[in-house]
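Visitor: My questions are about this predicted structure, shown below with the sequence.
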Amino acid sequence: MGKTCPNESIPISFSQYPNNQSSSAKGHKQMSPKNTSNNLIIREFTVAKQIKLFISLQEAHLSGKLTFSDPLKEQEWHVYLYLGDIVYATGGVHPIRRWQRNLILNLPQVPFQLSNLQAELTQRRADLSDNIWEYEQLADWVDRQTITPQQAKNAIAFVVSEIIFDLTQAKQVICRLNQDNVLVPTLELIQPQSVITQLEQVWSCWQEAQVTDRLPNMAPVILQPKQLQEKTSISAYQSLCKLLNGNRTLRDLSVQLRTSPLQVICSLLPYIQSGIFGLVDIPDLLEIISPHQENYEHQDRPLIACVDDSPMVSHLMEQIIGMAGYRFLAVNDPRDAARVLISSQPDLIFLDIVMPTISGYDLCAKLRQYPEFAQTPIIFLTSNSGLIDRFRARMAGSSDFLRKTVDADELVQKIVEHLGNR
């Protein structure tokens with residue numbers, strides 16, 4: 001049973017375990033339950049609490065894997081310690097995106113090639129939730145003199161800083177120490193207090209800007225393109241469409257724009273508050289899964305189709321629907337919709353009402369004539385949902401309405417309403 005931590009102090013229980021500084025074995029040792037601490041529940045993992053925790057670990061000269069879990073977001077982070085100092089840190093929502101940012105900022109002489117990385121990690125059967133391969137790669141590059149020891153230290157500090165920032169944003173974390181999972185250092189160690197002290201200044205700026213609830217791992221997207229066009233020039237609008245395409249997180253954008261994530265979010269905040277922009281969760285650049293998982297898990301997930309002549313709308317819906325665990329099919333040419341939908345047999349269809357060449361009403365009525373779509377949920381995407389619009393939609397055979405200004409929660413809720421927990 002975990003120990004509850006009051007807001008002003010942290011009861012540290014890790015020091016009751018004997019230190020393992022005499023260990024000389026390389027890599028990871030097998031886990032033994034007797035050398036794993038009880039869970040420590042930490043609410044609001046503030047800078048003061050972080051310093052207290054790591055000082056207690058240093059004073060006890062503890063080594064091992066310190067795991068932080070966020071039960072609300074179902075995320076885990078791992079900090080590898082050696083005699084209380086940090087060897088490396090892993091985990092979180094986007095380890096590959098973080099690795100890419102790290103190379104661009106700290107190791108510019110090393111090119112980032114996603115295809116090569118995917119092949120290498122698949123061969124290694126790498127666990128992307130616990131990226132020890134990163135540390136091994138840094139050590140190998142130092143040995144080969146591809147990078148300097150100082151560059152390696154900067155790269156490690158970068159990872160640690162991002163992870164501790166994410167921990168600071170978490171409402172509550174569960175912490176445990178496994179002393180049998182030791183990563184023996186081959187590169188310079190990181191002093192926890194130095195990273196946390198630097199991070200304190202960054203966090204203070206986020207607090208002053210009142211954006212501590214905005215997650216830097218989320219991606220900005222354009223929700224109201226027409227309103228944005230009215231407020232910007234043609235060239236600015238085109239640039240924003242390319243930049244805010246739903247494929248880059250706030251952190252990714254900060255690297256591309258050579259600024260900080262805070263400056264990015266502050267620049268976008270007025271548009272987010274007005275509903276023109278939104279922030280959505282997006283997947284990592286890579287997901288290493290076995291062929292067995294691909295064949296038996298992915299194909300069993302419901303297929304959601306979206307018929308809309310706007311690629312931007314389709315892309316936004318793809319991000320939300322994919323993160324919710326469904327497969328997605330975009331149909332941007334309404335003339336091909338019937339053929340594509342018949343061949344793919346989606347479990348649910350989102351259909352725009354106003355499209356060139358054929359209206360959503362006519363296309364819905366046409367689809368209902370096929371036996372394959374007699375019972376398929378068809379949900380209209382529309383800006384108008386008055387009585388007359390609803391009557392026409394029912395006559396055409398639609399199942400429901402969804403506002404064209406897509407809200408992630410509303411979208412997923414509509415899918416669950418019509419498909420259940422499939």
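Guide: That came through, no problem.
Visitor: Domains in the chain, by residue range?
Guide: The chain is divided into the following domains under automatic domain parsing: 3-208, 219-280, 291-419.
Visitor: Output those domains as a markdown table; include the columns mean neighbour count and mean pLDDT.
Guide: C-beta: built from backbone N, CA, C; applies to glycine. Supplementary listing: the domains of the chain in a markdown table, determined by neighbours: other C-beta atoms under 10 Å; pLDDT from 0 to 100:
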| stretch | mean neighbour count | mean pLDDT |
| --- | --- | --- |
| domain 3-208 | 17 | 82 |
| domain 219-280 | 17 | 91 |
| domain 291-419 | 17 | 82 |
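Visitor: where's residue 67, which helix or strand?
Guide: Element membership for residue 67 (DSSP states H and E) is strand 64-70.
Visitor: residue ranges of the helices in the stretch 51-200 of the chain, please?
Guide: Listed in chain order, the helices found in the stretch 51-200 of the chain under DSSP state H, counting those that start in this stretch are 95-106, 114-124, 132-143, 149-169, 192-208.
Visitor: Now do the last one against helix 149-169, angle only.
Guide: Right, the one you point to is helix 192-208. Comparing the axes of helix 192-208 and helix 149-169 via axes from the mean of the first three to the mean of the last three C-alpha atoms, to 10 degrees yields an angle of 50 degrees.
Visitor: so what secondary structure elements neighbour helix 192-208?
Guide: Under the contact definition 3 or more C-beta pairs under 8 Å, 6 or more residues apart in numbering; DSSP states H and E, helix 192-208 sits against helix 47-59, strand 85-91, helix 149-169, helix 261-273.
Visitor: orientation of it relative to helix 261-273 in degrees?
Guide: 30 degrees.
Visitor: circling back: between the helices and strands packed on helix 192-208, which gets nearest to residue 181?
Guide: Comparing the helices and strands packed on helix 192-208 by their distance to residue 181 (C-beta to C-beta), the top pick is strand 85-91, with 11.3 Å.
Visitor: packing partners for that closest one?
Guide: Strand 85-91 is packed against strand 75-82, helix 132-143, helix 149-169, helix 192-208, with contacts defined by 3+ C-beta pairs under 8 Å, 6+ apart.
Visitor: Quickly find the element holding residue 312.
Guide: For residue 312, the enclosing helix or strand under DSSP H and E is helix 311-323.
Visitor: Likewise for residue 398?
Guide: Remark: residue 398 resides in no helix or strand, with elements defined by DSSP H and E.
Visitor: distance of it from residue 392?
Guide: Counting by C-beta to C-beta, to the nearest Å, the gap from residue 398 to residue 392 is 9 Å.
Visitor: export the helices of the stretch 51-200 of the chain to TSV and tack on distance to residue 339?
Guide: Converted to TSV, the helices of the stretch 51-200 of the chain look like this (distance: least, C-beta to C-beta, whole Å):
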stretch	distance to residue 339
helix 95-106	36
helix 114-124	32
helix 132-143	45
helix 149-169	45
helix 192-208	50
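Visitor: Tell me which of these lies nearest to residue 378.
Guide: For those, the distance to residue 378 is smallest for helix 95-106, at 35.6 Å, taking C-beta to C-beta.
Visitor: Off-centre distance for the closest one?
Guide: Offset of helix 95-106 from its chain centre (C-alpha atoms, centre = their mean, to the nearest Å): 14 Å.
Visitor: Cheers, nothing more for now.
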